[in-house]
Structures are given as structure tokens and as C-alpha cells.
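Enquirer: got a predicted structure plus its sequence, pasted below:
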Amino acid sequence: MLRDNKIWIAQSFDGRNLFLEPKMANRHGLIAGATGTGKTITLKVLAESFSEMGVPVFLADVKGDLAGMCCPGEDSENMQKRIEKFGLAEAGFHYHRFPVTFWDIFGKKGIQLRTTVSEMGPLLLSRILNLNELQSSILTIAFRIADENGLILTDTKDLKALLQFIDENREELEAEYGKLSPVSISAILRAVVTLEIDGGDSFFGEPALDIRDWVGEALKSGEEAGEESVDCSDALGMIHILDSSSLINNGRLYSTFLLWFLSELFETMPEVGDPDKPKMVFFFDEAHLLFNGISDALLEKLTQVVRLIRSKGVGVYFITQNPRDIPDVVLAQLQNKIQHALHAYTPAEQKAVKAAAESFRINPAFSTFDAIQELGTGQAVVSFPDEKGVPSVVEQANILPPESKMGTIDEETRTAEIEASPLRGKYAESVDSFSAYEFLMRRGADGAAENCENPEEDAYEEEYDGEEGDETRDEYGNYTFAGSKYADKVKKPKGSEDDEDRKSAGRKTSSKPSGRRKQTAAEKAAKATGKSMAGSLGREVGKAAGSVLGKTGKRIGGNFGAALGRGLFSTLFSRN
């Protein structure tokens, strides 16, 4: 809880209040201790305090016992004893709820949380798919090919279509990118299918999470740029809880998602230096899963992010059983330390406790090594930087109780919270937009209509909402992507110059006149462009007219306007 504009987190054994300075909260932190020693309560007290400061918080709920933060705490005899012991009543302690948004990658216990394959990137995706070094390098090349050809990788079907395209065109691609082993490509495809079977494919799709919807004041930068965002501002900072009770069964997906989220924060947040309070706080529970089998490249990236994200106003707190679960290069960045009890029954465990004790600044009043082994539930040895950033000497302390409910909630309460969230309308429904899969499938489809009259055009334009993108039409009316080196692989309609060249190589073409003037390539391109512009103009007019009926009316109006615009253009400028 807050007191004197500081985070009151604990009380020392000799009765002194211990505080975490808000301006030092982005110096990152560690909450460690054996199972059942009180790490979850400590996490809740910190999260509640940041929320009271108006700071948004993200945390992963592995056991389901953090969900109770959306409900007021419940009084009990034990709670009354603790309130009296700490003098909390006089300090303004009272039971109350906190604003909570529930998220779930699988969409079962919260708003479905998604990102795109492109945003995840090859390095993190290789970790999810458990690829070896050779397979990871081929996946990186696949992303390079997609980027160079404007192919949008939204979900797993896009990635599979891209890999199949590469496999079918290996000989041509190997001249530029080197050997592309078909065995490795097949192995990557199998890994993607396995991810889909495990349900991980639900994480990839649209609408992708916009970090700015979570970060309060940072929303302003997106609004100034004219981008749509959702205002989640409140007197209390929003606590975003990711239900991880199912996700934790896939340790790689769980840890890689959190790593991706941290990277997104780093890339999205502006530089703020050392603010008076953090812009967001990130709690990474079961942190040992992140570092299990982590590659050198990924560890280097994580270390860099943790080191530099402090200047973006983001605090990162790792929660794990033993500090040795965290690599030394990362552990050295964590200055706010809360160490609960550790038990040492073997030489290896005693060595771990000794290492944990030596990471604190010595207090001559007691032995930190002995204290860590003698702590009870709800007790810890703690050290926080002072106002000048100097670590305080280690103190033995009792952690304060939370003001919200301890434990989980029933499904009815969870459902009510989900439906009341202002973000539900933006992220609840998935959208399958035009991307690499649709483009590559169209490339392989037989028979484009003659003279730019594409029979799939209307169906595509009704499916694709007319948002600005990289796709264009070639002179034959086929959809391609700007700058694509493989656009010539789209099959040309019969009667085109390329088609005539192919025919002339094997046999003579007929010289019988067609009965009407043949359109030139320039005329075809002009007509395709004009029809596209008429459709776009009609769509915008229709969307504006239909917006009075809400999102659905806007979409229907846009589709009707596009069809009407194309129809009018075709009528006015019909071919002679």
C-alpha cells in the first residue's frame, strides 16, 4: 500500500517501516523463495501498490490465485491480527477491489491475446518450435523472403504456405540464399503442425495486441499519429492478468510469449529517463522457465532488453524459487530484492543459499545466510535502493497483507469482469485478413479471367476491408505485392503477351481476327487502376454512411459502396 507517496511493502523485525521508492521501481527486482513461503502475497502487495499509483501492471497467473484482485479482501481473525500488528488501520488500510482485465492465449478464461507471426520474429519463433541451429537459420531466411516480397505472415497457415512456396522454388532461391535443405523445411513444417495440435496456433492471428492499449499515457503517441486505440485510463492503474494455468503446460510457449511481450514494450515505449514512477511494471512468474535451454543469442537479447528498458520507464520483476535460476548477467540488473525462505539440506542447496545471502549488502546485526533458512511464511530478507540509488543494508521483515481477495474467483465473477472490459470489443473476435496464405494460394490457382476481369475480385474485396496495404494489381488484374520478385510467377491469362510467347515457341498461333480491337497492356492497367480507385472511393463513402449503424453497418456499407463504385465504373467505361 502507499504511504507518504512511497510503496510500503514490509515492516522490519524491530518495527521500522520499509519502503520501495517509486522512482527506483524501474531498477527491476527479484522475488524468490521456496514453495509456500509467501511469494504470491508479496507479488500481490507490490501489484496493488503500483495500481494505486496509477501505474498499469502485467502479471501471469500460473496457479489461478491472482484472479482475486478484482474482489475486495475478506476479513478474518488472522487478518485482524496482522492489521493490528502493523498498525494498518491508522495508515488507511481498507479492503477494496482493483481494476483487472483478464487475458488468455486460448481465449477460455480471458480476452484472447494474439500476435502475428511477423511480429514474433524468427528468433523467438524458433524457440517456440524447438528448432535446431540449421532449422532456425532457414526460418530466418524464410522471414527474409517474406519481407522482400511483401508477404504478410499473420498466422500459422501463412507460415506453412510460405515454407511450401520455398520448398517448391528451392532451385531458384538457393542461388541467392544458399542451400535450403528440404529435410529441414519439412522438419519446420512438422513443428508448426505440432504447435497447432497443442493449440498454440490460437496465439497467432489478428487483431494483434497493441501494447499502447495497456500503457495509459503512452496511448497519446498513437492517438496523435491518428491510430485507433482504446482508452483504459483510470484513477487506479489497470492490472492485466494473463491466465497461464493451461499455458504453463507448454513452458516454451509461456516463456517465449513473455519474452516477446517484454521486447514489444521495449520497442514501443518512448525514452523517459528516470521518471518519478514507472510507466508500467511487468511481473515474470516461474522465471526459471525462461532460461531453461535458452540460446546464447536469445540470452544476449534478453540481457540487453532488461538493461535498457529501464530508461523506458518499465520495471521488470522476476519471481522464482531460487535466485540461481536467473543467469548472473540478468541477476546483476535486479536491485529491488525480496528473498523469502530457502531450505538447505544438501551441499548444493547450502551453496545456493550462500550465493543468495552474498547478493545482499551485509547487515552486521545478523547473519543473512542463517536468516534466509529461518524465515517463516510471510517473512523475507529485503533490500531496496534509497533515493540516491544506493542499495540499503539487508533487513529481516514481515510482508504486509494485500487489500484485495486472496485466492481465486468463481467463473461467474470472471465472466462478468471479461464482459465489462473496455478492451473486449477490440480483441474478442478474430479477423482472418488477406495475407501470405491467400496470396500464395491465388498465385497457384489456375486461370485468371481474360482482360483483367478477375472472377475472384469481388469476393476478395468484400473479405478484405479496404485498409491501406502493400498489395497492388498487375496489368492482368492479378493481386500481387509491391516489389515482389516472384510476382511473375502469377499465372498470366490466356491471350497475354507472355502466353503468346510460350505458344509461339511450340506452334503457330491463329491469325484469325477476334472481331474487336484488342486492348493494349497500358489500357488494361488503366482500367484495372480506375476500377480499383472507384471501388476504394465507393467503399469510403459507404463506410461513412453505414457508420451510424455501428461497426457492422460500417462494414456492410463499405462493401456495398465498393461494389457500387466498381459497377458504375464498368458501366461508364465499358470496353468497346
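Expert: Right, received. Where do you want to start?

Enquirer: I'd like to know how far the residue most central in space within the chain sits from residue 300.
Expert: For the chain, residue 261 is the residue whose C-alpha lies nearest the centre (Cα atoms, centre = their mean; 4.6 Å). Applying Cβ to Cβ, to the nearest Å, the value for residue 261 to residue 300 is 18 Å. In this view, the C-beta of every residue, glycine as well, is placed from N, C-alpha and C.

Enquirer: show me the shaky parts of the chain.
Expert: 216-234, 444-539, 543, 546-563, 565-566, 569-570, 573-576 (pLDDT under 70).

Enquirer: and it, what are its domains?
Expert: Domain ranges of the chain: 2-99+234-409, 117-203, 445-572, per automatic domain parsing.

Enquirer: want to throw the ones you listed into a markdown table with distance to residue 430?
Expert: Formatted as a markdown table, the domains of the chain follow (distance: least, Cβ to Cβ, whole Å):
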| stretch | distance to residue 430 |
| --- | --- |
| domain 2-99+234-409 | 17 |
| domain 117-203 | 9 |
| domain 445-572 | 14 |
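
Enquirer: out of these, nearest to residue 435?
Expert: domain 117-203 (4.2 Å; Cβ to Cβ).

Enquirer: measure the closest one end to end?
Expert: Start-to-end span of domain 117-203 (Cα to Cα, to the nearest Å) is 9 Å.

Enquirer: quick one: distance of it to the chain centre.
Expert: 19 Å (Cα atoms, centre = their mean, to the nearest Å).

Enquirer: just to be sure, residue 300 is in a strand?
Expert: No: when DSSP: H, G, I helix; E, B strand; the rest coil is applied, residue 300 is found to be helix, with no strand at that position.

Enquirer: quick one: the residue nearest to the centre of the chain is in a strand?
Expert: No: assigned with three-state DSSP, residue 261 falls outside any strand and is helix.

Enquirer: residues contacting it?
Expert: Applying Cβ atoms under 8 Å, 6 or more residues apart in numbering to residue 261 gives the contacts 58, 211, 282.

Enquirer: mind listing what's buried in stretch 287-297?
Expert: 287, 288, 289, 290, 291, 294 (16 or more other Cβ atoms under 10 Å).

Enquirer: does the closest residue to the fourth one other than its chain neighbours lie in a helix or a strand, and which?
Expert: Spelled out, that is residue 290. Excluding its sequence neighbours, the residue lying closest to residue 290 (Cβ to Cβ, 6 or more residues apart in numbering) is residue 255, at 4.2 Å. Using DSSP states H and E, residue 255 falls within helix 251-268.

Enquirer: just residue 42 next, same as before
Expert: Using DSSP H and E, residue 42 falls within helix 39-52.

Enquirer: and the next element down the chain from that helix?
Expert: strand 57-61.

Enquirer: only C-alpha atoms, please: export that following strand in CSV.
Expert: What follows is strand 57-61, C-alpha atoms only, in CSV (Å, rounded to 0.1, in the frame of the first residue of the first chain):
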residue,chain,number,x,y,z
VAL,A,57,0.7,-3.8,-14.3
PHE,A,58,1.1,-7.0,-16.2
LEU,A,59,1.4,-10.4,-14.4
ALA,A,60,0.9,-14.0,-15.3
ASP,A,61,-1.4,-16.1,-13.1
